[in-house]
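Undergrad: Have a look; sequence and predicted model below, questions after that.
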Amino acid sequence: MATSQSTLLLQKQLNELLKHPVEGFSAGLADNDIYEDYPLMPPKLRFVSDMWHPNVYPDGEHPPGEDKYGYEDAGERWRPIHTVETILLSVISMLSSPNDESPANIEAAKEWRENYPAFKKRVQRIVRDSIG
C-alpha cells in the first residue's frame with residue numbers, strides 16, 4: 001500500500017514539473033523505476049557532467065541520516081515533505097552556495113577554502129569541457 005501511495009505521489013510531482021518546468025533543470029525516472037523508498041528516503045541524483053564541488057559526492061548521492069561531520073542533523077538533510085521541485089531547487093541553491101564545513105568532496109572543499117582562484121579555474125575548465 002505504501003509503495004502505491006509513494007508511486008502516485010512521485011508520478012503526480014513529476015507530471016506537475018513537466019507541466020510547469022523550472023528553468024535550469026529537468027527531472028525524470030532512471031529506467032522508469034518508480035518503485036523506490038521516496039518520500040521516506042531521498043531520491044538519488046545524478047549529474048551527467050563532471051562536478052568539482054564541496055557538496056557533491058562523486059556518485060551524486062546525499063545519504064540520509066546524521067552528518068558524519070556533525071554539522072547537520074538528520075532533519076536538516078532530508079524531510080519527506082519535499083517535492084521533486086523543492087529538491088531540485090535546493091540542489092541549485094547548494095551548487096551556488098557551497099557549505100565547505102560539511103563536505104562530500106573534501107578536496108574540493110579544501111581548495112574552495114584555501115585557494116578559491118584555483119577552485120574557480122578548475123570549475124570553469126570542467127564547464128568548458130562539458131559543452132565543447
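TA: Received, thanks.
Undergrad: The most centrally placed residue in the chain is in what secondary structure piece?
TA: In the chain, the centroid-proximal residue (C-alpha atoms, centre = their mean) is V91; its distance is 4.6 Å. Assessed by DSSP states H and E, V91 sits inside helix 84-96.
Undergrad: on contacts alone, who are the packing partners of that helix?
TA: The contact analysis (3 or more C-beta pairs under 8 Å, 6 or more residues apart in numbering; DSSP states H and E) places helix 84-96 against helix 2-19. In this view, the C-beta of every residue, glycine as well, is placed from N, C-alpha and C.
Undergrad: returning to what we had before: tell me if I'm right that the residue nearest to the centre of the chain and L45 touch.
TA: Yes - counting by C-beta atoms under 8 Å, V91 touches L45, with 6.5 Å between them.
Undergrad: In which helix or strand does W112 reside?
TA: W112 belongs to helix 106-114, assigned by DSSP H and E.
Undergrad: Next, the residues that contact the next helix or strand after that helix from outside, please.
TA: Going down the chain from helix 106-114, the next helix or strand is helix 116-131, by DSSP H and E. By C-beta atoms under 8 Å, 6 or more residues apart in numbering, the residues outside helix 116-131 that reach it are S49, D50, M51, W52, H53, A108, E111, W112.
Undergrad: what bits of this structure have low per-residue confidence?
TA: Applying pLDDT under 70 to the chain flags the ranges 1-3, 24-25, 29-35, 60-77, 132.
Undergrad: before we move on, back to that, could you export the helix holding W112 as PDB, CA atoms only?
TA: Provided in PDB are the C-alpha atoms of helix 106-114 (Å, rounded to 0.1, in the frame of the first residue of the first chain):
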ATOM      1  CA  ILE A 106      36.900  17.000   0.900                       C
ATOM      2  CA  GLU A 107      39.500  18.000  -1.700                       C
ATOM      3  CA  ALA A 108      37.100  20.400  -3.400                       C
ATOM      4  CA  ALA A 109      36.100  21.900   0.000                       C
ATOM      5  CA  LYS A 110      39.800  22.400   0.900                       C
ATOM      6  CA  GLU A 111      40.500  24.100  -2.500                       C
ATOM      7  CA  TRP A 112      37.400  26.300  -2.100                       C
ATOM      8  CA  ARG A 113      38.600  27.500   1.300                       C
ATOM      9  CA  GLU A 114      42.400  27.700   0.700                       C
END
